[in-house]
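A.B. asks: One predicted model, sequence on top.
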Amino acid sequence: MSSTTVSAFPLALLAVLLVYVWKRRASTSQLPPGPPGYPIIGNVFDIPQDHAWLTYNEWAKKYGDVMRVEVFGKTTIILNSLKPALELLDKRSSNYSDRPRLVRDSLCMQVDIVY
């Protein structure tokens, strides 16, 4: 291996890492607080398999009633009390709910097929 290849590899790795960190910070700036996770895997080891509500209750004392966890790039919002749950899921439900578009139905409507 040439010396330029060896010296270019760490620089490329550093550049990829910096872009990852920059994009992650930009995407999480509008989200509620939550426990810090590891790169790529997130909080996969922090979420217990049994009695998860006990862990969420402890996290609520530290991060508040609305918090987030991230596992393998998927963000989950945890609502830990009735007040934010009613506010977000009942009063603002139209902001957060959506139905998937059914391609089959729209295609059948265009061709006037009844099934």
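C.D. replies: Nice, I can see it.
A.B. asks: Sketch out the low-pLDDT regions of the chain for me.
C.D. replies: Across the chain, residues meeting the criterion (pLDDT under 70) sit at 1-6, 24-29, 96-115.
A.B. asks: Can you show me the strands along it?
C.D. replies: Counting by DSSP state E, the chain has strands at residues 66-71, 74-79.
A.B. asks: nearest spatial neighbour of the spatially most central residue of the chain, skipping sequence neighbours?
C.D. replies: Residue closest to the average C-alpha location in the chain (Cα atoms, centre = their mean): residue 75, at 1.5 Å. Closest residue to residue 75 apart from its sequence neighbours, by Cβ to Cβ, 6 or more residues apart in numbering: residue 68 at 5.5 Å. Where you see a C-beta, it was placed from the backbone N, CA and C, and this is true even at glycine.
A.B. asks: For the one you found, list each beta-bridge partner.
C.D. replies: residue 77 (DSSP bridges).
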